[in-house]
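Enquirer: Give the three-dimensional model of this entry:
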Amino acid sequence: MKKEDYVAILIPAFNEGPRINAVLDTVCTINRRKRIVVIDDGSKDDTGEKACQYPVEVIRHPYNKGKGAALQTGIDHVKSADLWLFLDADLINLQENHIESLLQPLEENAHLGMTVGVFEGGGKRNVDLAQRYFGILNGQRGFRGTFIENVPSLNWCRFGVEIFLSKLAYHYDIPVSYPALRGITHHTKEEKFGFTTGLYHRLKMYYECLNALFNWQKYC
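Expert: Next up is the predicted model:
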């Protein structure tokens with residue numbers, strides 16, 4: 001395939017066995033030529049096995065390397081595409097219209113380099129508010145191929161990858177659009193892992209985000 005023939009969809013996943021089916025059920029049926037890559041980032045559950053049941057490419061890390069490294073593995077694997085889409089593996093109520101909301105602005109406006117989806121009305125007020133006021137953290141993103149081709153390595157940034165991508169767009173004056181993704185949300189870490197373990201993972205995520213916020217310029 002030539003790069004303009006499809007959208008490359010990268011789905012990093014770590015211990016998302018109970019949730020990834022809901023995302024792949026939608027992604028695999030969208031009415032586009034697509035190349036879907038699930039990066040199993042060292043899961044200890046059946047995430048990889050669940051993904052292998054779908055018409056997708058599955059890459060497995062031998063151990064957890066972090067979200068940034070998982071996305072970089074996907075980029076290195078695909079190499080080139082006209083459009084890219086990054087999606088989380090724990091989304092609730094993902095629909096084809098959400099995917100189109102991320103991709104269509106890039107097709108309609110040649111100046112745009114990135115879209116960042118913002119959840120609205122997904123039924124979790126705390127998630128919606130975080131998405132609205134901390135959009136730099138939002139994980140559902142579309143990209144023009146030229147943006148991805150010029151992105152430095154993401155291997156270092158773990159959960160700070162969205163901050164790094166947003167800072168790069170700002171640094172290089174690349175226009176960004178923030179389409180609303182209505183009726184969608186995701187599982188919180190506390191829901192996935194229980195309160196104590198979930199809180200640990202949340203604090204770890206905040207640390208990695210702060211690391212990216214204060215150190216992103218070192219990796220430009």
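Enquirer: Where do the helices of the protein begin and end?
Expert: Taking DSSP state H as the criterion, the chain carries its helices at 20-27, 47-51, 67-78, 96-108, 125-133, 145-149, 161-171, 189-193, 195-215.
Enquirer: out of those, nearest to Gly139?
Expert: helix 161-171 (5.8 Å; Cβ to Cβ). Using the backbone N, CA and C atoms, a C-beta is placed for each residue, glycine as well.
Enquirer: Now do that closest one against helix 67-78, angle only.
Expert: Angle, helix 161-171 to helix 67-78, by axes from the mean of the first three to the mean of the last three Cα atoms, to 10 degrees: 70 degrees.
Enquirer: got any ranges where this protein has weak pLDDT?
Expert: Residue ranges of the chain with pLDDT under 70: 1-4, 123-135.
Enquirer: ok, 50 please
Expert: 1-4 (pLDDT under 50).
Enquirer: Which of the helices of the chain sits closest to Asp88?
Expert: helix 20-27 (7.6 Å).
Enquirer: Who are the contact partners of the closest residue to Lys189 other than its chain neighbours?
Expert: In this structure, Lys189 finds its nearest non-sequential neighbour in Gly198, 4.0 Å apart by Cβ to Cβ, 6 or more residues apart in numbering. Counting by Cβ atoms under 8 Å, 6 or more residues apart in numbering, Gly198 touches Thr188, Lys189, Glu190, Glu191, Lys192.
Enquirer: Which positions in stretch 12-31 come out as buried?
Expert: 12-17, 19-20, 22-24, 26-27, 30 (16 or more other Cβ atoms under 10 Å).
Enquirer: actually stretch 146-165, not the one I wrote
Expert: 147-148, 151, 154-165.
Enquirer: Quick check: of the residues you listed, which lies closest to Ser80?
Expert: Nearest member of the buried residues of stretch 146-165 to Ser80, counting by Cβ to Cβ, is Ile148, at 8.6 Å.
Enquirer: how many neighbours does the closest residue to Arg19 other than its chain neighbours have?
Expert: Using Cβ to Cβ, 6+ apart and skipping residues adjacent in sequence, the residue nearest Arg19 is Asp90, 4.6 Å away. Asp90 has 22 neighbours, counted by other Cβ atoms under 10 Å.
Enquirer: so who does Asp90 touch?
Expert: So Asp90 contacts Glu16, Arg19, Ile20, Val23, His186, His187, Lys192 (Cβ under 8 Å, 6+ apart).
Enquirer: Spit out the contact partners of the third one.
Expert: When the contact criterion is Cβ under 8 Å, 6+ apart, the partners of Ile20 are Ile11, Ala13, Val38, Thr47, Lys50, Ala51, Ala89, Asp90.
Enquirer: Fine by me, we can end here.
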